[in-house]
Structure formats: C-alpha cells, structure tokens
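S.K.: pasted the sequence and its predicted model underneath.
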Amino acid sequence: MTQESSISGSSSLIPPCPTPDGAEAFSRQVHSLLDGRPKDDATLARAFHGMDEMFDHIAAGFYTLASMLVGEGEESVRVVETAVATADVSTGATLAEARQSGRRALAKAALEAIARRAPSSFAVPEGVAMKTSCLDEDDLESSGVSAEEIERIVGGHDRDRVRAWLEKLPMIVRTVFVLRAVAGFTAIETAALLTAHGGPSAAAWNPEMVRAVFRQGLCSLASQLIHASPAQ
C-alpha cells in the first residue's frame, strides 16, 4: 500500500487563497512569542502592531472552512474561536505546518460540534464499500474536473452555487469532501479525525471507506459542473 502524506495547500482540490504579503513575517513573530513566558497585553499589542490585515485574513479563511462544515452563522464563529484557542503551533513549525495545524484544530472542533448537534451524523453509510461510483480512483484527474474549473467556480461568481451544492449533500459526504478537497487531509487523516471526533457512531471509519465516500462527492461535483456548463 502506498503511504499517503498530508496534502499541501497547493495540492488541495480547491486551491486556497494566495498567501498574503507579510505571512512569513507574521509566522516568525508568532514563533518568537512562544518561549513559555507569560506576555502582557502591551507586549502582544507591540508585537502585532500593523498586522490587523493578517488577522482578518486568517479569521476569514477559518470561517470559510468552518461554514462549509457546520453551516453559516454563530456555530461557525464558535468553531473558529475553539480552533484558534487549541491549535498547536510549535516554535519549529513552518508556515505550511502552522496552517495545517490550524485546519486540524478547526476540523476537530467542527466535527465535535456536528456530533453534539446530531449524534448519528457520521455513522458509516450501509454498504459504503460496495457502492459503485463513476470513478475508480479518488483523485481530481479521474473525475474529469480540472483544477482550473474548481478554482473558477469556487473563487468566481459561481461560488454561491457551489455552496448550495455542498449544503444539499448528505452530511457525511459533505464532511468528507470538505476535509479532503478543501482542508487537504488524506484519507488516512480524515478517517482518524472522524473516529476521534465524530462521536460513537463514527468509530468504524477507515481510509477505504473515506475514499469511497469521497468518490461519491467527486462524482456529484463533476455532474454539477456538467449541468452548469453552457451548451456547446
């Protein structure tokens, strides 16, 4: 079996927003403060002076991901707050590692919020491993959807249509799709997140089940794009 590694932001199916200017400096500033010593408000204010735009960028990205998982509104705000408070940003983390740590914290908080709201949301669908799919592999190329198409519909004026499509998906398909395609987690990581944070009903998930459900999401997306395309 080929060992999977974390999908970096550049290889997620839905490309992330470009890293803003000053991101590396912001990351270094955060790491410089992680020395184990308490910091007063004045010290923090001086350290992050002039970086309001960066905080806004981080918050917006977190909220976008949270709302794809739990829906728009106050619950997504609470998920973001939990993620910010619990993300493990070590002093040795790179910017990419810090971003993925934040996404992992947000995914945990979102899964736990959904499981509290509807405890059976993440139960393994019956016969999931036996269900046929329009795809043999769980990757973008085999779905017939290009990265350029994904970027256009997510970042352009069709993004509301994509959001509406996500909201119509069964909760487990939506969750797996967002964790894999948007947050960039592998099937192994997604299965681990579900079993650890999806409540008792999610205990049976494994990577093969995740891949099967993800293929369902890819097929649905491909169909959505075909029907949305203008006639030739």
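M.R.: That came through fine.

S.K.: so which helix or strand takes in Leu193?
M.R.: Here Leu193, judged by DSSP states H and E, is contained in helix 187-197.

S.K.: and that helix, what other elements does it pack with?
M.R.: helix 95-117, helix 171-177, helix 207-228 (3 or more C-beta pairs under 8 Å, 6 or more residues apart in numbering; DSSP states H and E). (C-beta placed from N, C-alpha, C; glycine too.)

S.K.: of these, which stretch is the most buried?
M.R.: Most buried of the helices and strands packed on helix 187-197, by mean neighbour count (mean count of other C-beta atoms under 10 Å): helix 171-177, with a mean of 23.

S.K.: hang on, the earlier thing: and the helices and strands packed on helix 187-197 as CSV, adding distance to Val128 and mean pLDDT?
M.R.: CSV is the format used below for the helices and strands packed on helix 187-197 (distance: least, C-beta to C-beta, whole Å; pLDDT from 0 to 100):
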stretch, distance to Val128, mean pLDDT
helix 95-117, 18, 90
helix 171-177, 9, 94
helix 207-228, 5, 82
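
S.K.: reformat those helices as a markdown table; add distance to Ala123.
M.R.: Output for the helices and strands packed on helix 187-197, formatted as a markdown table (distance: least, C-beta to C-beta, whole Å):
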| stretch | distance to Ala123 |
| --- | --- |
| helix 95-117 | 11 |
| helix 171-177 | 8 |
| helix 207-228 | 11 |
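
S.K.: looking at these, spot the one closest to Gly127.
M.R.: Gly127 lies closest to helix 207-228 among the helices and strands packed on helix 187-197, at 9.7 Å (C-beta to C-beta).

S.K.: export the closest one to PDB, keeping only CA atoms.
M.R.: Output of helix 207-228 as PDB, limited to C-alpha atoms (Å, rounded to 0.1, in the frame of the first residue of the first chain):
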ATOM      1  CA  PRO A 207      -9.400   5.100   4.900                       C
ATOM      2  CA  GLU A 208     -11.000   2.800   2.300                       C
ATOM      3  CA  MET A 209     -14.500   4.000   3.400                       C
ATOM      4  CA  VAL A 210     -13.400   7.600   3.300                       C
ATOM      5  CA  ARG A 211     -12.100   7.100  -0.300                       C
ATOM      6  CA  ALA A 212     -15.400   5.500  -1.300                       C
ATOM      7  CA  VAL A 213     -17.400   8.400   0.100                       C
ATOM      8  CA  PHE A 214     -15.000  11.000  -1.400                       C
ATOM      9  CA  ARG A 215     -15.500   9.500  -4.800                       C
ATOM     10  CA  GLN A 216     -19.200  10.000  -4.400                       C
ATOM     11  CA  GLY A 217     -18.600  13.700  -3.700                       C
ATOM     12  CA  LEU A 218     -16.300  14.000  -6.700                       C
ATOM     13  CA  CYS A 219     -18.900  12.300  -9.000                       C
ATOM     14  CA  SER A 220     -21.600  14.700  -7.700                       C
ATOM     15  CA  LEU A 221     -19.300  17.700  -8.300                       C
ATOM     16  CA  ALA A 222     -18.500  16.500 -11.800                       C
ATOM     17  CA  SER A 223     -22.200  16.200 -12.500                       C
ATOM     18  CA  GLN A 224     -22.900  19.600 -11.100                       C
ATOM     19  CA  LEU A 225     -20.200  21.200 -13.300                       C
ATOM     20  CA  ILE A 226     -21.500  19.400 -16.400                       C
ATOM     21  CA  HIS A 227     -25.100  20.600 -15.800                       C
ATOM     22  CA  ALA A 228     -23.800  24.100 -15.100                       C
END
